[in-house]
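Novice: task: produce atomic coordinates for the following.
(one chain, ligands or ions: 2)
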Amino acid sequence: MPLVEDSATDEAWSRPISAVLETLGATPAGLSRTEVETRRRRYGLNQPLARRRRPLWLQFLTRFLNPLVLILLFASGLSAATGNVTSFVIVLVMVVLSVSLDFVQEMRAEKAVDALRRTVSVRVQVRRDGVEVSEPVDQLVPGDVVRLAAGDLVPADCRLIEARDLFVNQAMLTGEPYPVEKRADAVAIPAGNAGQAPGTVLMGTSVISGSAIALVCRTGDMTAFGQLSGTLQAPPPPTAFELGIRQFGFLILRLTIFLVLFVLAVNVLFHRPWLESLMFALALAVGLTPELLPMIVTVTLARGAMRLAKRRVIVKRLAAMHNVGAMDVLCTDKTGTLTEATIRMVRHLDFRSEESERVFRLAYLNSHFESGIKSPLDEAIIAFRSLDVSGWRKIDEVPFDFERRRVSVLVTDGTERLLVVKGAPEDVLRQSTHYEGEGGVEKPLDPAARAELDALFQKLGEDGFRVLAIASKAMGPEHASAALGDESALAFAGYAVFLDPPKASAMAAIRDLTGAGVAVRILTGDNERVTRHVCAELRLPVTGLITGDDLRAMSEDALRARLPKVNVFCRVTPAQKERVLLAFKRSGRVVGFLGDGINDASALHAADVGISVDSAADVAKEAAGLILLDHDLSVVHEAVMEGRRTVQNVTKYILMGSSSNFGNMFSMAGASLFLPFLPMLPTQVLLNNLLYDASEAGVPLDNVEAEALALPVQWDLRLIQRFMLVLGPVSSLFDFLTFYALLHLFNADEALFQTGWFVESLATQVLVIFVIRTRRSPWLSRPNATLAGLSLGAAAVGALLPLTPLASFFGFVVPPASFYLFLAAAVVTYLVLVEIIKRVFFRYVAPRRGVRGQVTLRR
Ligand SMILES: Nc1ncnc2c1ncn2[C@@H]1O[C@H](COP(=O)(O)OP(=O)(O)OP(=O)(O)O)[C@@H](O)[C@H]1O
Ligand SMILES: [Mg+2]
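Specialist: Ligands and ions are numbered 1, 2, ... in the order given. The predicted structure is shown next:
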């Protein structure tokens, strides 16, 4: 029986691996491709349920679960029962149309973004037909054999076949933050929590160090991770932007409830037909709710994501689009971002600064046998020249970590047993008591010798070289394993020297970002001298520098006080990277982090915008919201611009909805106070709203001017509220003048009044987009063609509808020709009025904040 269907779950984990292989019909050489196909049909994709989508038709139907829509349908159903079938049909058609418009657009946008997301899916090394290939994680089936290395996410629930110094982080499943060692040879464990079994690794955990070959036992929903529902897989907390949108929704909701109750009360007071009054109030409520808002937000963000994809930037989380537009500090690592991705080893020096074959051999042994994180430095050592190490065997290893900054391997060639250490010079020298002097003779590392070695290291750093120190220690044959404590009393052998030249494009990229109001900060695990050298080459003045040691001694307040000045943080540990990021956040900055290593994952999590690269460690990729397909700082600037563009366009929609549209509905509620009839029929209100919505569908495509993108764009609910308060009363005053004109100039009866007000209110609230969409004068800013077409089209449809056969259906009458003259005059007057208000508003009430590139702390 296959293990995945085994319900006595824990028992399965405690059988010997050979038995598990047998039940799964697997071998360490992997499955055949045909077998994989068969199993995939049976077990499905390796995707936990929470990430899967509900079927389309269900998603479509749930859109109707909006209480407003339900009450409206119910009310119109009632009115159909009392004989008014036409209105019921119209309401139904209108509701379906508007939900479909919304649904189709949002679906298309999400599908496009999903497709993009898949291009950067996490991959796994898996054996198929006896060869190791790289496949997307969702392609795994039970029985697959995978290879895991440091930085990988464990792709499914697996049993270990082989493991070397394997440590995993299980915090996601068990909450314990410390690395847990896993062993393949672990004897059968008593039934219990599978996560505690030393011979298993589970989906949702990640490899911290070491490597393993593992057998996939459970995939998708059957994994422990897949079985967890709710809490642990909860979506990330909402961003400031999402909260703002929600807040705006509540604001409108409160006003809507107030208006609806008001209208109902008035109508009841005047003894009007209650069903029609209810429907009118509900239609008003539908007109008021910015029901398109979620769709407009999604579509706008998705449009931005598509545009960025052309620049080879993949947006994994749509909300990151907004944050990247609001970002005013970008923290970045150094290697690969500011420097070329390929590091070269150039020299291997002994204590006299002379080339030494021994230093190279020790470095090579260390890099060759190290099984933890393979850093570019190791690759550089191995690529320098190949060396025959077949006579050597690794006995044990103390894996690399970013706190110690060194890695040791215990190796033997049959005669001698050697601990070879390689790491950051400061740290390795601190652990050394001797050095290999003339002829390889060990000499005590007295203060004078120490000073000399230090000076050599300093000199290399000032010349821009990256340096690792190499040391060793002879171990007795009784030493069968290596431990942290063995890394002491070392004999320093020499330095491996690397060239990691600055990237030509980085200088321009930093300039662009700074010019756009995004301060660039460097957070690196490397030392001060090398970092200063890189900064000098990039002509990036170091305005302040803090080291990891400084940080350790620094209080939160002291750190925050220094943040505005300090632009380089060096020799920082992963935890310190996170701390600096959080400090930026607490001082009110919107902070991005760009990094690619295992050591960057927690900082990426903490950042408002996590940016990583496609080649990054799984854990870093997983934590990031944006993935750069090319490791290049200059595309970050593009992403920033795109993010700002999306926020500006969403803001346009909201300004429109909260000013003109809102004003109209408000006036209508007021009009019902003194009119002896309804200012518009419920179906007319709905039609008005539908046409308005259709015109707004072009907003996500709109152009945004350069000056609106020059500085970080923060979501600003206060601005919207103030705009509403300023424009609202003026707009209402104008509406009441229109009512007056209709009643007294045209002696309108009920039907004509409703027709006239329908046409006029639609034209004004749709056409005002041309004024609101820009801070410039409308004629100095070109709108997007689709937006312009949709807006003019909607206004025209509204104006001409009363002249068509459909008119009687909606209760319209043909207005006199003079009405159209009046309409033109009214629209022009209204637009001019709004333009004047807009200028006053942006001049005196809400001027643009900040100066280009200025570094200020914002609260
Ligand atoms: N493979 C390795 N072997 C030994 N020491 C290493 C190795 N990799 C890194 N180190 C040491 O650890 C330090 C920190 O690592 P690293 O430079 O990768 O950190 P980082 O924060 O990712 O820096 P960067 O900003 O350059 O990406 C290095 O400066 C080096 O001294
Ligand atoms: Mg790095």
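
Novice: may I have the phi/psi pair for whatever residue of the chain ends up closest to ligand 2?
Specialist: Per Cβ to the ion, Gly597 is where the chain lies closest to ligand 2, at 3.9 Å. Where you see a C-beta, it was placed from the backbone N, CA and C, and this is true even at glycine. Dihedral angles of Gly597 (phi, psi; degrees, to the nearest 10) stand at phi -100, psi 170.

Novice: hang on, isn't it packed against Thr337?
Specialist: No: the criterion here is Cβ atoms under 8 Å, and Gly597 misses it with Thr337 at 11.0 Å.

Novice: for burial, what's the neighbour tally of the residue in the chain positioned nearest to ligand 1?
Specialist: Per Cβ to the nearest ligand atom, Gly525 is where the chain lies closest to ligand 1, at 2.5 Å. Residue neighbour count, defined by other Cβ atoms under 10 Å, stands at 23 for Gly525.

Novice: quick one: contacts for it?
Specialist: Applying Cβ atoms under 8 Å, 6 or more residues apart in numbering, we find Gly525 in contact with 333, 402, 405, 570-573, 599.

Novice: could you dump those to CSV with neighbour count?
Specialist: Below are the contacts of Gly525 laid out as CSV (neighbours: other Cβ atoms under 10 Å):
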residue, neighbour count
Asp333, 23
Phe402, 18
Arg405, 20
Cys570, 21
Arg571, 21
Val572, 27
Thr573, 18
Asn599, 24
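
Novice: among those residues, name the ones in strands.
Specialist: Using DSSP state E, the subset of those located in strands is Cys570.

Novice: any chance of the contacts of Gly525 in a markdown table, plus pLDDT and distance to Val768?
Specialist: Shown next, in a markdown table, are the contacts of Gly525 (pLDDT from 0 to 100; distance: Cβ to Cβ, whole Å):
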| residue | pLDDT | distance to Val768 |
| --- | --- | --- |
| Asp333 | 92 | 47 |
| Phe402 | 84 | 56 |
| Arg405 | 91 | 61 |
| Cys570 | 95 | 54 |
| Arg571 | 93 | 57 |
| Val572 | 94 | 52 |
| Thr573 | 92 | 55 |
| Asn599 | 88 | 52 |
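
Novice: so which of the contacts of Gly525 comes closest to Gly461?
Specialist: Comparing these against Gly461 with Cβ to Cβ picks out Cys570 as the nearest, at 11.0 Å.

Novice: what parts of this structure come near ligand 2?
Specialist: By Cβ under 5 Å from the ion, the part of the chain that sits against ligand 2 consists of 333, 335, 597.

Novice: Ile598 is in contact with the first one, correct?
Specialist: Yep, that's Asp333 we're talking about. No: using Cβ under 8 Å, Asp333 is not in contact with Ile598; the gap is 11.9 Å.

Novice: tell me where this protein is predicted with low confidence.
Specialist: By pLDDT under 70, the weakly predicted segments of the chain are 1-13, 49-53, 68, 186-196, 229-237, 291, 848-859.

Novice: who's in contact with Val650?
Specialist: Counting by Cβ under 8 Å, 6+ apart, Val650 makes contact with 245, 296-297, 300.

Novice: narrow these to those that are buried.
Specialist: Taking 16 or more other Cβ atoms under 10 Å as the criterion, what is buried in the contacts of Val650 is 245, 296-297, 300.

Novice: just these now: which is nearest Leu743?
Specialist: Using Cβ to Cβ, the buried ones among the contacts of Val650 come closest to Leu743 at Ile296, 36.0 Å.

Novice: which helix or strand contains Leu460?
Specialist: Using DSSP states H and E, Leu460 sits in helix 447-462.

Novice: cool, and Arg347?
Specialist: Using DSSP H and E, Arg347 sits in strand 344-349.

Novice: other SSEs contacting that strand?
Specialist: Contacts defined by 3 or more Cβ pairs under 8 Å, 6 or more residues apart in numbering; DSSP states H and E place strand 344-349 against helix 357-369, helix 376-384, strand 490-499.

Novice: compute the inter-axis angle for it and helix 447-462.
Specialist: Between strand 344-349 and helix 447-462, the angle comes out at 160 degrees (axes from the mean of the first three to the mean of the last three Cα atoms, to 10 degrees).

Novice: can you list the buried residues in strand 344-349?
Specialist: For strand 344-349, by 16+ other Cβ under 10 Å, it's 345, 347-349.

Novice: could you do stretch 601-619 as well?
Specialist: 601-613, 616-619.

Novice: repeat for stretch 244-264
Specialist: 244-245, 248, 252, 255-256, 259-260, 262-264.

Novice: circling back to that earlier point, mark which of the contacts of Gly525 are part of helices, please.
Specialist: Among those, no member falls in helices (DSSP state H).

Novice: mind picking the two most distant members of the contacts of Gly525?
Specialist: Asp333 and Arg405 (14.8 Å).

Novice: need the contact list for the closest residue in space to Arg40 that isn't next to it in sequence.
Specialist: What sits nearest to Arg40 in space, not counting adjacent residues and going by Cβ to Cβ, 6 or more residues apart in numbering, is Val141, at 5.3 Å. The contact partners of Val141, by Cβ under 8 Å, 6+ apart, come to 31, 36, 39-40, 43, 46, 216, 219.

Novice: who wins for most neighbours among the residues you listed?
Specialist: Neighbour max across these (other Cβ under 10 Å) = Thr219, 30 neighbours.

Novice: ok, that one - contacts?
Specialist: By Cβ under 8 Å, 6+ apart, the residues touching Thr219 are 4, 43-44, 46, 140-142, 156-157.

Novice: same check, this time on Gly464
Specialist: 499, 501, 530, 533-534, 537.

Novice: next, count neighbours for Pro447.
Specialist: 7.

Novice: Arg303 too?
Specialist: With other Cβ under 10 Å as criterion, Arg303 counts 21.

Novice: and the nearest residue to it once chain neighbours are set aside, how close does it get to Val650?
Specialist: Leaving out its chain neighbours, the residue that sits closest to Arg303 by Cβ to Cβ, 6+ apart is Pro700, at 5.0 Å. Between Pro700 and Val650 the computed distance is 8 Å (Cβ to Cβ, to the nearest Å).

Novice: who touches both of the two?
Specialist: Common contacts of Pro700 and Val650, defined by Cβ under 8 Å, 6+ apart, comprise 296, 300.

Novice: what sits closest to Leu559 if chain neighbours are left out?
Specialist: In space, Leu559 is closest to Ala583, 5.1 Å off (Cβ to Cβ, 6+ apart).

Novice: next: Leu253.
Specialist: Thr289 (7.4 Å).

Novice: and that neighbour, how many neighbours does it have?
Specialist: With other Cβ under 10 Å as criterion, Thr289 counts 19.

Novice: tell me which of the buried residues of stretch 244-264 fall in helices.
Specialist: 244-245, 248, 252, 255-256, 259-260, 262-264.

Novice: want to throw the residues you listed into TSV with distance to ligand 1?
Specialist: Output for these, formatted as TSV (distance: Cβ to the nearest ligand atom, whole Å):
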residue	distance to ligand 1
Gly244	34
Ile245	35
Phe248	40
Ile252	46
Leu255	50
Thr256	52
Leu259	56
Val260	57
Phe262	61
Val263	62
Leu264	63
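
Novice: tell me which two of these sit farthest apart.
Specialist: Gly244 and Leu264 (30.7 Å).

Novice: specify the local secondary structure of Glu176.
Specialist: coil (DSSP: H, G, I helix; E, B strand; the rest coil).

Novice: that older thread, the residue of the chain closest to ligand 1: helix or strand, and which one exactly?
Specialist: Going by DSSP H and E, Gly525 is not in any helix or strand.

Novice: got the phi and psi for it?
Specialist: When read as degrees, to the nearest 10, the backbone of Gly525 gives phi -80, psi -10.

Novice: what sits against Phe60?
Specialist: Applying Cβ under 8 Å, 6+ apart, we find Phe60 in contact with 99-100, 103.

Novice: could I have the CA atoms of the host helix or strand of it written out in PDB?
Specialist: In this structure, Phe60 sits in helix 56-62 according to DSSP H and E. Provided in PDB are the C-alpha atoms of helix 56-62 (Å, rounded to 0.1, in the frame of the first residue of the first chain):
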ATOM      1  CA  LEU A  56     -14.400  29.500 -11.700                       C
ATOM      2  CA  TRP A  57     -18.200  29.100 -11.600                       C
ATOM      3  CA  LEU A  58     -18.200  29.100  -7.800                       C
ATOM      4  CA  GLN A  59     -16.000  32.200  -7.700                       C
ATOM      5  CA  PHE A  60     -18.400  33.900 -10.100                       C
ATOM      6  CA  LEU A  61     -21.500  32.900  -8.000                       C
ATOM      7  CA  THR A  62     -19.900  34.100  -4.800                       C
END
